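coordinates only, sequence not included:
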């Protein structure tokens, strides 16, 4: 069937073979058309689509553009001339032109079958109107990025992507299938393409600096207006706007003496964004040392939709010009969705006003919720109830702990003036919480270094709720309110103060205001730091000597065992105030038994039992069942 000619269905002046500039209306073959969707017969529009362009060029069928940029058919198309192809004006009397075309073909017995076919089509996210695409002008300017594709792919593999799947998948696939970068844009105002050409196109010049442009203006002499020749282009007295359309008034002269005018194109605004690392320092004309110190960036963060935008243009320019990456780490942010998982939109009426939210709940609670609810690269279902929970469970718990400390510290006039009590001279529970605190500092630093703020925030939450408030403070309350102001009470004050001070320093990057308020309240009495704000202190560093993993392990066993026993009491409705004679506790190893024996008194006090027996052999006490995982077994 290849090359079989057919009769044009709707012949008009504007779509004639002469207008197309080729030999159209023939059957062509293309491997990108299949019978999996539809009939396998499609129309070909070389002006719209890469595959169509290649086929059209191969067979020489020419190019036709029959829709003007206003969304209307062009003149010369009979009764369809100047009609909108889609309803862009919300005209109540709009008649779908597609229907009229189908009716005309049917009346003229040129339609085999007419039916509605539902398919996906791009729409403007602002107006929800169908989008029309137009072909590049034939004189458009491109950067041949494909010439450096392999190197750009190679450099991308050295970038630390968060998440990794974006770099290897979405961005990596984009690089593997890249096309040359169309630099040209048609706009009224913007950054001009710095190319001047003669009218016949035989000579051209690309201006690389303001200094060179000044020299070329001087060469052109009277070709430019006197005000252009007299105005300085740079410095504090610069009076010429180098954006389009103002720069278009400048005329240069070619080596052969011909006038040269700037080409009408603008530079793609994404080129401006991609050039940010150099433009911010006015490199290479000055600040070379500052640029070299700052390039490449340690990390950047933007929405995942920047895969084809800022992420790409930064990477492309750095690879093309410097054979380098522009950033060492890229955090690709997900989207904030509504509570039902839908994209927020003014049209849908599901937008949450961030200013109203911050006014009602505070910036810190909002920030903490956003950071700890989901990793930055995951989409977040935003729900104000989640902020309320953060206020109550985290900030409320931490503030109550601080209030408890402040109440008794003020009674005893504690100001951390006593000599720091060495860890070896403190009770075991103090050594445990300080060990847990330094483990927290170590883990939070690791999470932050790995660009995992969600993990860092959750670790702080767990420490404050599970360890500091519900275990240490609860078990040590009597040490604060009872007894003389002697070493045991001083140890308790110093320990709790150190925990509070360190926690607010750890949480400061996520919660800048709350942490600073607590820090200033603490430091205004003790003056342990000679700074005005928590943000002027160094981020905490773990004291490895204070970490006792064995102690943390057995205290965790005590917490887990107590929690399990209390849940069993609740299950059988035996209140905690009712003492039990004996507890039978199965152990998995001799080490576990030894660890539990060290915290046995603590467990007995917590759950109100008189003695604990450890079961090495659970035969007769515990029945074990094995249930296979059938889903895994099938694999």
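Looks like it came in fine. Since we're looking at a predicted model, the values are computed, not measured.

roughly how far apart are the nearest residue to residue 341 once chain neighbours are set aside and residue 301?
Excluding its sequence neighbours, the residue lying closest to residue 341 (CB to CB, 6 or more residues apart in numbering) is residue 381, at 5.5 Å. Backbone N, C-alpha and C define where each C-beta goes, glycine included. Applying CB to CB, to the nearest Å, the value for residue 381 to residue 301 is 20 Å.

residue 513 now?
As judged by CB to CB, residue 513 and residue 301 stand 22 Å apart.

please identify which of those two sits among more neighbours.
The neighbour count for residue 513 versus residue 301, taken as other CB atoms under 10 Å, is higher for residue 301 (15 against 12).

what comes up buried for the host helix or strand of residue 261?
For residue 261, the element it lies in under DSSP states H and E is strand 259-262. Of all the residues in strand 259-262, those buried under the rule 16 or more other CB atoms under 10 Å are 260, 262.

and for stretch 95-105?
By neighbour count with 16+ other CB under 10 Å, stretch 95-105 contains the buried residues 97, 101, 104.

spatially nearest residue to the second one, not counting backbone neighbours?
Going back to what we said before, that points to residue 101. With CB to CB, 6+ apart, the residue lying closest to residue 101 is residue 80, at 7.0 Å.

ok, now which ones touch that neighbour?
Shown in contact with residue 80 (CB atoms under 8 Å, 6 or more residues apart in numbering): 73, 97, 100-101.

tell me the two of those that are most distant?
Maximum pairwise distance among the contacts of residue 80 (CB to CB): 11.1 Å, between 73 and 100.

now what about the strand or helix carrying residue 270, what contacts it?
With secondary structure defined by DSSP H and E, residue 270 is part of helix 269-274. By CB under 8 Å, 6+ apart, the list of residues contacting helix 269-274 from outside reads 183, 185, 190-191, 279, 309-310, 312-317, 326.

number of nearby residues for residue 438?
For residue 438, the count of nearby residues is 22 (other CB under 10 Å).

can you pull the contacts of it?
542-544, 546-547.

which of these sits closest to residue 375?
Top of the list for closeness to residue 375, among the contacts of residue 438 and by CB to CB, is residue 542 at 23.6 Å.

elements contacting the strand holding residue 261?
Here strand 259-262 touches strand 195-198, strand 251-253, going by 3 or more CB pairs under 8 Å, 6 or more residues apart in numbering; DSSP states H and E.

including mean neighbour count, could those go into a markdown table?
Listed next are the helices and strands packed on strand 259-262 as a markdown table, based on neighbours: other CB atoms under 10 Å:
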| stretch | mean neighbour count |
| --- | --- |
| strand 195-198 | 18 |
| strand 251-253 | 20 |
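
the ones you listed: which one's closest to residue 346?
That would be strand 195-198 among the helices and strands packed on strand 259-262, by CB to CB, at 40.4 Å.

who's in contact with the closest one?
So strand 195-198 is in contact with 141, 203-207, 216, 252, 254, 258-263, going by CB under 8 Å, 6+ apart.

run the chain-centre distance for stretch 494-512.
Centroid separation between stretch 494-512 and its chain, computed with CA atoms, centre = their mean, to the nearest Å, is 27 Å.

just stretch 255-263 next, same as before
Using CA atoms, centre = their mean, the offset of stretch 255-263 from its chain centre is 46 Å.

what mean pLDDT does that stretch have?
For stretch 255-263, mean pLDDT is 89.

just stretch 581-595 next, same as before
82.

ends of that stretch, what's the gap?
In stretch 581-595, first residue to last residue: 22 Å (CA to CA, to the nearest Å).

contacting residues around that stretch?
Surrounding stretch 581-595, the residues in contact under the criterion CB under 8 Å, 6+ apart are 550, 553-554, 557, 561, 565, 596, 604, 607, 609-616, 618, 621-622.
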